[in-house]
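Asks: Structural data only, the sequence is not supplied:
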């Protein structure tokens with residue numbers, strides 16, 4: 001089993017920045033990639049970004065590319081999502097997730113382990 005704990009959400013004005021953290025514990029050696037997903041009220045959960053643990057390959061949705069940066073601290077088993085130039089449409093609950101599968105890192109169905117979520121609210 002893998003346990004994931006997110007932190008760093010909050011309220012920020014449009015144009016501001018936040019950093020989300022996702023700390024992994026347990027069978028972390030089984031993790032191929034960690035992804036961030038978000039879900040706004042009334043909408044489906046959508047992919048935001050992902051990073052592979054070996055090689056550090058990164059993936060971004062078109063809506064956040066150029067504004068968000070994903071990174072990983074291997075010593076801490078922690079993945080970060082640096083969010084800049086935030087917009088009101090970025091408001092959502094953000095979830096981190098971990099997968100052992102080596103394909104489909106942008107597909108939430110590939111992820112077996114999920115954190116509890118952290119709220120990000122961007123005011124206009």
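Replies: Everything's here; your move. No experiment lies behind these values; they were computed from the predicted model shown.
Asks: helices or strands next to the helix or strand where residue 37 lies in the packing?
Replies: Taking DSSP states H and E as the definition, residue 37 sits inside strand 33-39. Counting contacts by 3 or more C-beta pairs under 8 Å, 6 or more residues apart in numbering; DSSP states H and E, strand 33-39 packs against strand 18-26, strand 46-52, strand 78-83, strand 92-99. Quick note: C-beta positions are derived from backbone N, CA and C, even for glycine.
Asks: so how far is residue 53 from residue 121?
Replies: As for residue 121, its distance to residue 53 is 30 Å (criterion: C-beta to C-beta, to the nearest Å).
Asks: between the two, who's got more neighbours?
Replies: For the pair residue 121 and residue 53, the greater number of neighbours falls to residue 53 (19 against 15), based on other C-beta atoms under 10 Å.
Asks: ok, the closest residue to the more buried one other than its chain neighbours - contacts?
Replies: Nearest in space to residue 53, with sequence neighbours left out and distances taken as C-beta to C-beta, 6 or more residues apart in numbering, is residue 31 at 5.3 Å. Listed by C-beta atoms under 8 Å, 6 or more residues apart in numbering, the contact set of residue 31 reads 2, 24, 53, 98, 99, 100.
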